[in-house]
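**Q** this one's structure only:
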Ligand SMILES: NC(=O)C1=CN([C@@H]2O[C@H](COP(=O)(O)OP(=O)(O)OC[C@H]3O[C@@H](n4cnc5c(N)ncnc54)[C@H](OP(=O)(O)O)[C@@H]3O)[C@@H](O)[C@H]2O)C=CC1
Ligand SMILES: O=C/C=C/c1ccc(O)c(O)c1
Ligand SMILES: [Zn+2]
Ligand SMILES: [Zn+2]
């Protein structure tokens, strides 16, 4: 991704560090496109550095390992997600929830311990410390597994952490995109009654017939929203833009939880009685740990879950990002990195 409006230097496609003693060299096979890649590429968070190599739903094959690597072997099919480093000493690191380490290193748009920029999965190869590399279990196609490494674990982690795994719970999935569609699948597999809350009725038939949702609400349908008041134990909120909170807080039962997942750089608002009268919680959650990534992969194999994806070549990536931004994908793009000529795609891409 070039810096918008400026001449872009050539992408350093083959420049990665020497294999360290605990490093795994991964030949990238597939990489999902998350809405966070749009936030990062378009500098929605104000901290983007260019040139940038996005991609944090990475599945690949191990082609080399450092001498101290014990977790992985050459030939393994593995995954890499959002985080590739942490301090290993703080409370979250010691509790194996390293995604909450304040010294976390992001898989791209960050600086590694050697002072070099981190680069994500829209590249032919990644070099990653073994701690942040997970095995893709047999029974999952590599392209299907890619979205589980961010979208999948991002919904699995809060359901588990907030005690929302019991069968029979009534959950709402707000925003039926990449993260949201995994929310429907994971929550259904836990035995929940799942209501999709969407900005339009366009996805109703797919949500009910293919994803297995039990109910579908269009957020602008005031009558349907009123009829559903006080009915949900939780809402998984994946909307990536500013939105009102009160219509959704009204859907929660006593002690209901509204879990914010979308990255929104503007204040969200609500009046306090909306949470007081019903002891409701508004909380948030950030991806999941390496352990939880391994768990969700196993959960998906055990429950027979897959992601619903559209596989594209790297030459299509800019169009895919535009389609994702205009809500035109069912439900995740996955780039066939190994099957693309990425040097050619990079050379041909407009530099904006
Ligand atoms: N907390 C975390 O750890 C993580 C956070 N994220 C963040 O979660 C958010 C969702 O990610 P992802 O699922 O990949 O995104 P998608 O674009 O795939 O899905 C977002 C969904 O939100 C709904 N939506 C409502 N308004 C808009 C709008 N103006 N523009 C686009 N979508 C809208 C749409 O659903 P509908 O058509 O049903 O209304 C859309 O499908 C992003 O902000 C992303 O950065 C992602 C992964 C991890
Ligand atoms: O897609 C994964 C990353 C999500 C994310 C969540 C919060 C935040 O501040 C980010 O920069 C990214
Ligand atoms: Zn993501
Ligand atoms: Zn730490």
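**A** Nice, thanks for sending it over. From a predicted model like this one, the values you see are computed outputs, not experimental measurements. Ligands and ions are numbered 1, 2, ... in the order given.
**Q** From here on, just use CA atoms for contacts and neighbour counts.
**A** OK.
**Q** Disregarding flanking residues, what is the spatial nearest neighbour of the residue of the stretch 1-150 of the chain at minimum distance from ligand 2?
**A** Closest to ligand 2 within the stretch 1-150 of the chain is residue 36: 4.6 Å, counting by CA to the nearest ligand atom. Sequence neighbours aside, residue 263 is the residue nearest to residue 36 in space, at 7.6 Å (criterion: CA to CA, 6 or more residues apart in numbering).
**Q** Around that neighbour, how many other residues sit close by?
**A** 17 (other CA atoms under 10 Å).
**Q** Name the SS class of it, please.
**A** Taking DSSP: H, G, I helix; E, B strand; the rest coil as the rule, one finds residue 263 in the coil state.
**Q** Run through the stretch 51-200 of the chain and note the low-pLDDT ranges.
**A** Within the stretch 51-200 of the chain, no range satisfies pLDDT under 70.
**Q** residues from it in reach of ligand 2?
**A** Proximity of the stretch 51-200 of the chain to ligand 2, by CA under 6 Å from any ligand atom, involves residues residue 82.
**Q** any idea how far residue 329 is from residue 311?
**A** 11 Å (CA to CA, to the nearest Å).
**Q** for residue 235, same thing?
**A** Distance of residue 235 to residue 329, computed by CA to CA: 22 Å.
**Q** between these two, who's got more neighbours?
**A** A count of neighbours by other CA under 10 Å puts residue 235 above the other of residue 235 and residue 329, at 25 against 17.
**Q** Secondary structure of that one: a helix, I assume?
**A** No: counting by three-state DSSP, residue 235 is not found in a helix; it is strand.
**Q** show me the contacts for it.
**A** By CA atoms under 8 Å, 6 or more residues apart in numbering, residue 235 lies in contact with 171, 172, 173, 174, 248, 252, 257, 258, 259.
**Q** Filter those down to just the ones in helices.
**A** Residues of the contacts of residue 235 located in helices (DSSP state H): residue 248.
**Q** Which one of the contacts of residue 235 is nearest to ligand 4?
**A** residue 259 (23.6 Å; CA to the ion).
**Q** just checking, that closest one touches residue 284?
**A** Yes: the criterion here is CA atoms under 8 Å, and residue 259 meets it with residue 284 at 4.9 Å.
**Q** higher neighbour count, these two?
**A** Remark: of residue 259 and residue 284, residue 259 carries more neighbours, 22 against 14, as counted by other CA under 10 Å.
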